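Asker: Fold the following for me, if possible:
(one chain, ligands or ions: 1)
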Amino acid sequence: MRIGRAAGQTDTGRRRLRNEDAFICEPPLFAVADGMGGARAGEIAAGLAAAALEEAGPETLGAEGVAALIVEANRRIWEHSLADPQTAGMGTTVTAAVVDAEAGTVAIGHVGDSRAYLLRGGSLEQLTTDHSLVAELVQSGVLTPEEAERHPQRSAITRALGTEETVEVDGFTVVAEPGDVFLICSDGLSTMLSDDDVAAAIDGAGGDPHAAADALVKAANDRGGEDNVTVVLFEMVGAEGPAEIDPAAAEHEDESGPDTLEFVAAELEPEESSGGHQVAAPRRFGAGPGGRVAALLLVVAIVALGILAVYLFLNR
Ligand code: MN
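Answerer: Below is the predicted model:
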């Protein structure tokens, strides 16, 4: 299995002056952080979390590895807030996913109320449990999920990154299937849209992460855009077989051509921007050029072996 298309997008929304969300869309690493704190502290906290995750790189696999990354991010934010009194008390949520394509697994770690969802076979499943006041009240039976959605304290979180010296991280691993679409988002999406709306937006985009990201951000803003909204989506697809060495397969491989071209075009195309709107450059891994290079190397190796065989034969 491998990671297919991926896209990330963040938008200030319609009510907030600044965007304190941050995201990472660098396969195999994907994350969303939603900062909080006075002045620009929320932006700083979310930025520090994203930087700490990015720095660690993709060799961190498994739920424990992701959790360790998040603990390290917590330490950095905490220390920054001690050193700079203006940022005292700042914090951020974080939900991070690291894909192990070979194993076909997605390791997820999270703190706070940014969520991870999985869209599989048309149905949307929330993978993470919010560390929020209302989620705890729902779990203990005090509130119904419907009451929680309208609760005035629904954005109060019970766990954050950077507000204390240590943090408890929830971590788990999902076994992926070809066709899976994973979504990580800030509460600016999940408080504006129901799960059904989210599923419909992704389905309506034909599962294309770029179109889905556009549709989700637009839908959140259409409903009021009360908070910064951030989405990161990636799809898992079946691995291509090693058949690229025979000519028939090489022709077959051309079928993925338009996809690759589409990707290049998407990267060059100036992204539409509507105030504070940032779009990560989409990245594509595993397929196109990489596959061709591997096939070429294999052909070169076979030819080299052939020459060696002829050489050894002639020298007998
Ligand atoms: Mn938020």
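
Asker: hey, let's count contacts and neighbours off CA atoms from now on
Answerer: OK.

Asker: In CSV, could you pull the C-alpha coordinates for stretch 305-316?
Answerer: What follows is stretch 305-316, C-alpha atoms only, in CSV (Å, rounded to 0.1, in the frame of the first residue of the first chain):
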residue,chain,number,x,y,z
LEU,A,305,24.2,-8.9,-15.6
GLY,A,306,23.7,-9.9,-19.3
ILE,A,307,27.0,-8.3,-20.3
LEU,A,308,28.7,-9.9,-17.3
ALA,A,309,27.4,-13.3,-18.3
VAL,A,310,28.6,-12.9,-21.9
TYR,A,311,32.0,-11.7,-20.7
LEU,A,312,32.4,-14.7,-18.3
PHE,A,313,31.2,-17.0,-21.1
LEU,A,314,33.8,-15.7,-23.6
ASN,A,315,36.6,-15.9,-21.0
ARG,A,316,36.0,-19.5,-20.2
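
Asker: For Ala73, give me its contacts.
Answerer: Ala73 makes contact with Leu48, Ala49, Ala52, Leu53, Leu161, Gly162, according to Cα atoms under 8 Å, 6 or more residues apart in numbering.

Asker: can you count the residues close to the third one?
Answerer: If I follow you right, that is Ala52. For Ala52, the neighbour count with other Cα atoms under 10 Å is 20.

Asker: again, but for the fifth one
Answerer: The burial metric for Leu161, expressed as a neighbour count using other Cα under 10 Å, is 34.

Asker: Beta-bridge partners for it, please?
Answerer: Thr92 (DSSP bridges).

Asker: isn't it right next to Asp113, touching?
Answerer: No - here Leu161 does not reach Asp113: they are 11.2 Å apart, not a contact under Cα atoms under 8 Å.

Asker: Can you pull the residues of the stretch 151-300 of the chain lying near the ion?
Answerer: Contacts of the stretch 151-300 of the chain with the ion, taken as Cα under 5 Å from the ion, map to Asp187, Gly188.

Asker: related to what we said a few turns ago, need the residues touching each of Leu161 and Asp113.
Answerer: Common neighbours of Leu161 and Asp113 (criterion: Cα under 8 Å, 6+ apart): Thr93.

Asker: closest to the ion among the contacts of Ala73?
Answerer: Using Cα to the ion, Leu161 comes nearest to the ion of those, at 13.9 Å.

Asker: Relative to Val98, how far out is the closest one?
Answerer: Separation of Leu161 from Val98 (Cα to Cα, to the nearest Å): 18 Å.

Asker: can you pull the pLDDT of Pro58?
Answerer: What the model reports for Pro58 is a pLDDT of 62.

Asker: ah, wrong one, I meant Thr10
Answerer: At Thr10, pLDDT is 98.

Asker: Skipping adjacent residues, who's closest to it in space?
Answerer: Closest residue to Thr10 apart from its sequence neighbours, by Cα to Cα, 6 or more residues apart in numbering: Thr230 at 4.1 Å.
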